[in-house]
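>>> Quick one, fold the following:
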Amino acid sequence: MKLALIPARSGSKRIPRKNVMPFAGKPVIAYSIAAAQACGLFDRIVVSTDDDGIAATARAFGAQTPFIRPAGLSDDHTVIADVIKHALHWMAAQGTPVNDICCIYATAPFVTAAALQAGWQALQVPGRSYALSVTSFPFAVQRALRIDAGGTISSMYPEFHATRSQDLEPCWHDAGQFCWGKGEAFLLDVPVFSAATAGVVLPRHYVQDLDTPEDWHRAELMHRVLRQTGELP
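A predicted model of the protein is given here:
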């Protein structure tokens with residue numbers, strides 16, 4: 001079976017109860033659930049949470065909450081891979097082992113059904129264990145600077161100081177929207193950042209961290225524009 005897993009613990013510190021905070025008119029987790037529904041790939045869409053209120057919100061938007069995540073997997077030091085493995089073990093114990101799983105983050109209001117479908121297709125290439133959403137850095141990271149205690153700048157990578165930015169290799173980072181993977185790969189702790197992982201490239205304007213109120217406001221403005229232009233539903 002194919003499982004969508006949306007982790008949504010209750011203990012966000014910088015933005016309390018971030019996973020169900022209103023975003024452009026509805027709880028932010030609702031967008032992840034809607035994209036999972038719209039892509040038409042999943043046998044089940046499950047929210048893994050330690051919180052009854054988050055669970056109720058998830059069910060209201062069509063997700064399932066068949067278990068409450070243990071407290072030991074819900075603190076600030078919890079690794080997302082352990083949350084995924086907990087869900088995989090739980091499903092197997094119920095007699096429904098998972099072949100492919102997509103971890104979709106609860107605070108990903110720009111995630112789309114098309115991107116999830118592209119990730120699924122990328123995972124089908126022989127030898128692939130994962131397909132991770134990525135986007136490009138807006139500036140050449142090889143031209144990064146450091147500032148010392150006295151306020152003086154220096155090149156972090158002096159070997160590229162005189163290289164034109166257009167001649168430098170493009171660099172990418174995790175977009176923080178989703179990660180497709182083979183259930184067995186997660187259970188065997190196959191590294192995500194490896195040659196067995198495909199990058200699913202997203203436009204930069206679809207990628208926004210939601211860690212501060214400023215992030216939240218900026219993301220809502222961009223979301224509004226993309227809805228007005230028809231790029232988002």
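>>> Now do the lengthiest helix in the chain, average pLDDT.
Using DSSP state H to define each element, the chain has its longest helix at helix 213-228. When pLDDT is averaged over helix 213-228, the result is 96.
>>> Please point out which parts of the longest strand along the chain sit buried.
If you go by DSSP state E, the chain has its longest strand at strand 172-182. Under the neighbour-count criterion of 16 or more other C-beta atoms under 10 Å, strand 172-182 has 175-182 buried. All C-beta atoms are positioned from the backbone trio N, CA, C, and that covers glycine.
>>> Residues touching that strand, excluding its own?
Here strand 172-182 makes contact (C-beta atoms under 8 Å, 6 or more residues apart in numbering) with 84, 99-105, 108, 110-111, 115-116, 119-120, 122-123, 128-137, 192, 199-202, 206-207, 209.
>>> Listing partners with orientation, what would you give for that strand?
strand 100-104 (antiparallel), strand 130-136 (antiparallel) (DSSP bridges).
>>> Pick the most deeply packed of those.
strand 100-104 (a mean of 24; mean count of other C-beta atoms under 10 Å).
>>> what about dumping the CA coordinates of that one to PDB?
The C-alpha coordinates for strand 100-104 follow below in PDB (Å, rounded to 0.1, in the frame of the first residue of the first chain):
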ATOM      1  CA  ASP A 100       5.800   3.300  -0.300                       C
ATOM      2  CA  ILE A 101       5.300   6.200   2.100                       C
ATOM      3  CA  CYS A 102       5.300   9.900   1.600                       C
ATOM      4  CA  CYS A 103       6.100  12.100   4.600                       C
ATOM      5  CA  ILE A 104       4.300  15.400   3.900                       C
END
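>>> Let me see the mean pLDDT of that strand.
Computed over strand 100-104, the average pLDDT equals 98.
>>> following it, which helix or strand comes up?
Where DSSP states H and E defines the elements, the next helix or strand beyond strand 100-104 is helix 113-123.
>>> Could you pull out the strands in this protein for me?
Counting by DSSP E, the chain has strands at residues 2-7, 22-23, 26-27, 44-48, 100-104, 130-136, 145-147, 153-155, 172-182, 197-201.
>>> Could you report the distance from A118 to R218?
25 Å (C-beta to C-beta, to the nearest Å).
>>> Compare these two and say which is more crowded by neighbours.
A118 (19 against 14; other C-beta atoms under 10 Å).
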